[in-house]
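*Asks:* When you get a sec, could you give me coordinates for this:
(chains A and B)
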Amino acid sequence: MQTTIQASSAQAARDDGAAGIRQLLTDYAHALDDDELESWPDFFTDDGVYRLTTRENVAAGLPVGIIHCDGRGMLCDRVAALRTANIFEPHCYTHVLGPCRIAAVGDGIWRVRTNFSVYRTFETGESQLYGVGKYLDVVHAQGGGLRFRERVAVLDSRCVDVLTVIPL
Amino acid sequence: MEAADVLVHWPSEGITRVPFQVFSDQEVYEREQQRIFRGPVWQFLCIEQDIPEPGDVVTSWMGETPVIVARDHDGQVHAMINRCAHKGALVALKSRDKVKNLTCVYHAWSYRLDGRLRSIAFQNGVNGKGGMPEDFDVDAHRLQPVRVQTFCGLVFGTLSDQTPPLDEFLGPRMSAFIERNFGRPLKVLGRHSQIIHNNWKLYAENVRDSYHATLLHTFYTTFKVNRLDMDGGIVLSDRKWHHISYSKRATFNLDKEYLTAEVHSAKYGAKHGESALEGPELLDAWDEFDDGITHSIQTVFPNVVFQFTLNSLAIRFFVPKGVDKTELKWTFLGYERDTPEQSRMRIMQSNLTGAAGLVALEDGCINEFVQRGTVGAGQRAAFIEMGGRVAESNESSRATETSVRGFWHGYRDIMGF
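*Replies:* Got it, this is the predicted structure:
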């Protein structure tokens, strides 16, 4: 069953970007929720940065959070590691996104903030709220589409239940 | 002592067996709180960098006991139980704060930063009515003090008068290694924590277990950060409570046991080639010390770990939150003297450990697997004979559970089991 609906975000470069950006945010969440992790690096520019951190670290200006990927290679390695090397109990996510606030920076660049909650379900059948927080993004129109130049997922809690292996 | 003997029947084999009961028995857990966490043991509380300036306050724990650590206006570090002398409410509510005094929100009893009571609200009543009895003495009340000693920027506390001085508790070999890693001004790079659903001792065992490290954590072996066939060894403290496990990356050589043992990493490596990292800057590192050690784990009984993986320095402080629940608190560190390039490498390497650590994230669930696997098996016991039946230092091999046995040696000693 095809559950991910990939729409072209090329339109964003023509209009105010908002529709394309919303599509990017949605596609990203659905790709993670549907275990299409190999496509995860494609949501980023080649020099894209992904960080998973906490509200406490952001407030204190501290650079180390939970995950820090700098560039496409490190994003790909995360996926390769969780597919092949890491050992963990299988689970899946469902992202629920709030409305996003978009600010155009110019030159095909936008700053975007979106609240999220992520539910995690284990094979035991247990579904629980896993994390809640906000995405702070820098989106770049590149070639025909929109990509994250930077995506910082800021968790409200300093505390992760069990572990994090699938990125948020 | 007699009650303790009845509580747990330890198998006659001694430290090579661990009755599963100790991971799930509420009575054992409560006795640990008394004998260990309120007993004659120094416990990690925080680092001095958490409270750099006068008036800085953090909350911490000694087992389940809530603790405040504060730096007073003269720069002295104090620790005290976070429990108002009046009704027992928490006095400090934030995990870190900057204050002039410590004031309980319930009835506004106010304490100095060393825990002495300053004043209480309505001591003489209101409009001449009510108030404390005339013989009420402010100086007779205070936040219960915790003895504090600092070493290399690490703040330790104990609730017992019987605890020997910290340097004696650590011993010379442990102290020297702490000095190696923490003996210069520290810089905090970031923090987070994870809830692991297991008894705190399963994590205490896990970090002492050099046998599992390269079998469960296959990222390590694949990318050759740490394997048992590199030079390395294990050092136990005199009482066997604390340990250091170290390895030297430069001496790596492929050992056939890894290929024949069907270790996950062998398959991964074969499939992806010699260096499978597409972002090899993850492992950019420099030789920070001239002893050749590129990976080390040091434990200090009961519940702190100092990690130095390549250049990634971190403190892992694991706090019991119930018989089957533990909060594992990570603090990633560098040094004040670090260059921007060195800081960058430490930030990249922070991906190796922590709740999402490429190398070690399995530790978040593996202890829970034991917790779940041993439910209802209180009469059965773990079998711990890898590397022999004794608990002693071994500087030639890490294919051993010697420091796990060391932990149980110390544990039985203090618990009277």
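*Asks:* Buried ones in the longest helix belonging to chain A, by neighbour count?
*Replies:* In chain A, with assignment by DSSP state H, the single longest helix is helix A:18-33. Buried positions in helix A:18-33, judged by neighbour count with 16 or more other Cβ atoms under 10 Å in any protein chain shown: A:20-33. All C-beta spots, glycine's among them, are computed from the backbone N, C-alpha and C.
*Asks:* Stretch A:89-109 now?
*Replies:* A:91, A:93-95, A:97, A:100, A:102.
*Asks:* Out of those, list just those in helices.
*Replies:* Using DSSP H, none of those sit in helices.
*Asks:* now those as CSV including distance to B:Lys201 and pLDDT?
*Replies:* Shown next, in CSV, are the buried residues of stretch A:89-109 (distance: Cβ to Cβ, whole Å; pLDDT from 0 to 100):
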residue, distance to B:Lys201, pLDDT
A:His91, 26, 97
A:Tyr93, 31, 98
A:Thr94, 35, 98
A:His95, 36, 98
A:Leu97, 41, 98
A:Cys100, 46, 96
A:Ile102, 50, 97
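*Asks:* Which ones among the residues you listed lie within strands?
*Replies:* Judged by DSSP state E, these include A:91, A:93-95, A:97, A:100, A:102 as members of strands.
*Asks:* Indicate whether stretch B:51-68 makes contact with chain A.
*Replies:* No: taking Cβ under 8 Å from any Cβ of the partner chain as the criterion, stretch B:51-68 and chain A are apart, separated by no less than 12.3 Å.
*Asks:* hang on, the earlier thing: can you redo the ones in strands among the buried residues of stretch A:89-109 as JSON lines with distance to chain B?
*Replies:* Converted to JSON lines, those look like this (distance: Cβ to the nearest Cβ, whole Å):
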{"residue": "A:His91", "distance to chain B": "10"}
{"residue": "A:Tyr93", "distance to chain B": "14"}
{"residue": "A:Thr94", "distance to chain B": "19"}
{"residue": "A:His95", "distance to chain B": "17"}
{"residue": "A:Leu97", "distance to chain B": "21"}
{"residue": "A:Cys100", "distance to chain B": "25"}
{"residue": "A:Ile102", "distance to chain B": "28"}
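*Asks:* Mean confidence (pLDDT) on the host helix or strand of B:Trp408, please.
*Replies:* Using DSSP states H and E, B:Trp408 sits within helix B:402-415. Averaged over helix B:402-415, pLDDT sits at 96.
*Asks:* next one: stretch B:237-253
*Replies:* Computed over stretch B:237-253, the average pLDDT equals 82.
*Asks:* and it, which residues are buried?
*Replies:* Using 16+ other Cβ under 10 Å as the test for burial, stretch B:237-253 gives B:237, B:240-249, B:252.
*Asks:* from the residues you listed, which is closest to A:Gly48?
*Replies:* Taking Cβ to Cβ as the measure, A:Gly48 lies nearest B:Arg249 of these, at 29.8 Å.
*Asks:* okay, the spatially closest residue to that closest one that is not a sequence neighbour: pLDDT?
*Replies:* Nearest non-adjacent residue to B:Arg249, counting by Cβ to Cβ, 6 or more residues apart in numbering or on different chains: B:Thr294, 3.9 Å away. At B:Thr294, the model reports a pLDDT of 89.
*Asks:* Surely B:Thr294 touches B:Trp286?
*Replies:* No: using Cβ atoms under 8 Å, B:Thr294 makes no contact with B:Trp286, being 10.2 Å away.
*Asks:* Which one's more surrounded, those two?
*Replies:* Per other Cβ atoms under 10 Å in any protein chain shown, whichever of B:Thr294 and B:Trp286 has more neighbours is B:Thr294, with 24 against 10.
*Asks:* what's the closest non-adjacent residue to the residue in the stretch 1-150 of chain B positioned nearest to chain A?
*Replies:* The stretch 1-150 of chain B approaches chain A most closely through B:Ser95 (7.9 Å), counting by Cβ to the nearest Cβ. Leaving aside its sequence neighbours, B:Ser95 sits nearest to B:Thr59 (Cβ to Cβ, 6+ apart; 5.6 Å).
*Asks:* And that neighbour, which helix or strand is it part of?
*Replies:* strand B:56-62.
*Asks:* Mind giving me the packing neighbours of that strand?
*Replies:* strand B:43-47, strand B:65-71, strand B:96-98 (3 or more Cβ pairs under 8 Å, 6 or more residues apart in numbering or on different chains; DSSP states H and E).
*Asks:* On the three-state scheme, the residue of chain A positioned farthest from its centre is what?
*Replies:* Relative to the centre of chain A, and counting by Cα atoms, centre = their mean, the farthest-placed residue is A:Thr124 at 25.6 Å. What DSSP: H, G, I helix; E, B strand; the rest coil gives for A:Thr124 is coil.
*Asks:* what's the answer for the one 5 residues further on, then?
*Replies:* Here A:Leu129 is strand, with the state taken from three-state DSSP.
*Asks:* Next SSE downstream of the one helix or strand in chain B whose mean pLDDT sits lowest?
*Replies:* In chain B, no helix or strand scores lower on mean pLDDT, DSSP states H and E than helix B:264-272, which sits at a mean of 49. Later in the chain than helix B:264-272, the nearest helix or strand by DSSP H and E is strand B:295-300.
*Asks:* show me what contacts whatever residue of the stretch 101-250 of chain B ends up closest to chain A?
*Replies:* Residue nearest to chain A within the stretch 101-250 of chain B (Cβ to the nearest Cβ): B:Gly190, separated by 2.8 Å. Neighbour list for B:Gly190: A:53, A:57, A:62-65, B:331-332, B:350 [criterion: Cβ atoms under 8 Å, 6 or more residues apart in numbering or on different chains].
*Asks:* run the last query once more with 7 Å
*Replies:* When contacts are counted by Cβ atoms under 7 Å, 6 or more residues apart in numbering or on different chains, B:Gly190 touches A:57, A:62-65, B:332, B:350.
*Asks:* Turn those into JSON lines, including neighbour count and pLDDT.
*Replies:* Listed next are the contacts of B:Gly190 as JSON lines, based on neighbours: other Cβ atoms under 10 Å in any protein chain shown; pLDDT from 0 to 100:
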{"residue": "A:Asn57", "neighbour count": "23", "pLDDT": "98"}
{"residue": "A:Leu62", "neighbour count": "19", "pLDDT": "98"}
{"residue": "A:Pro63", "neighbour count": "17", "pLDDT": "98"}
{"residue": "A:Val64", "neighbour count": "28", "pLDDT": "98"}
{"residue": "A:Gly65", "neighbour count": "28", "pLDDT": "98"}
{"residue": "B:Phe332", "neighbour count": "26", "pLDDT": "98"}
{"residue": "B:Ser350", "neighbour count": "28", "pLDDT": "97"}
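*Asks:* Which of the residues you listed fall in helices?
*Replies:* A:Asn57.
*Asks:* Pick out whichever of the contacts of B:Gly190 sits closest to B:Gly75.
*Replies:* Distances from B:Gly75 to the contacts of B:Gly190, taken by Cβ to Cβ, are shortest for A:Leu62, at 24.0 Å.
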